[in-house]
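Student: coords below, sequence missing:
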């Protein structure tokens, strides 16, 4: 199962996320759940960096991705990044609605 932890600040804005595990929906190379989660998470990190200029603190290895907004980010760019990360949560929840036995999303404060 894929476990996604959404990180939030005191105002409940999304500041980062952690993804670990494998869906095991199908064999490697044909697992649409893993592919979907990988596409939206990696794509979101790339979008934050490309569109806001903020380089996320990220680590990635097989079955693991962690990405956090740096504390020292310009306010306007950080607000845009948080909006993009909120969109990521919507996309992940959409996957969870269809494939809930393969992905679990946890909100963390």
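Tutor: Perfect, I can see it now. Because the structure is predicted, anything quoted here is derived from the model rather than measured.

Student: which one's the longest helix in the protein?
Tutor: Longest helix in the chain by number of residues (criterion: DSSP state H): helix 75-99.

Student: by contact count, what packs against it?
Tutor: Packed against helix 75-99, as judged by 3 or more C-beta pairs under 8 Å, 6 or more residues apart in numbering; DSSP states H and E, are the following elements: strand 14-20, helix 32-52, strand 103-108. Backbone N, C-alpha and C define where each C-beta goes, glycine included.

Student: and for the next helix or strand after the longest one, what's in contact with it?
Tutor: This points to helix 32-52. Following the chain from helix 32-52 toward its C-terminal end, the next helix or strand by DSSP states H and E is strand 57-61. Counting by C-beta atoms under 8 Å, 6 or more residues apart in numbering, the neighbours of strand 57-61 from elsewhere in the structure are 16, 42, 45, 65, 66, 67, 68, 69, 70.

Student: among the residues you listed, name the buried ones.
Tutor: Applying 16 or more other C-beta atoms under 10 Å to the contacts of strand 57-61, the neighbour count classes 16, 45, 65, 66, 67, 69 as buried.

Student: dump those into a markdown table; add distance to residue 93 and pLDDT as well.
Tutor: Supplementary listing: the buried ones among the contacts of strand 57-61 in a markdown table, determined by distance: C-beta to C-beta, whole Å; pLDDT from 0 to 100:
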| residue | distance to residue 93 | pLDDT |
| --- | --- | --- |
| 16 | 17 | 97 |
| 45 | 18 | 98 |
| 65 | 17 | 97 |
| 66 | 19 | 98 |
| 67 | 18 | 98 |
| 69 | 20 | 96 |
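
Student: which one of the residues you listed is nearest residue 95?
Tutor: residue 65 (14.7 Å; C-beta to C-beta).

Student: does that closest one have any beta-bridge partners, and if so which?
Tutor: Bridge pairing for residue 65 (DSSP bridges) gives the partners residue 19, residue 60.

Student: quick check: it touching residue 5?
Tutor: No. Residue 65 is not in contact with residue 5 according to C-beta atoms under 8 Å; the separation is 11.0 Å.
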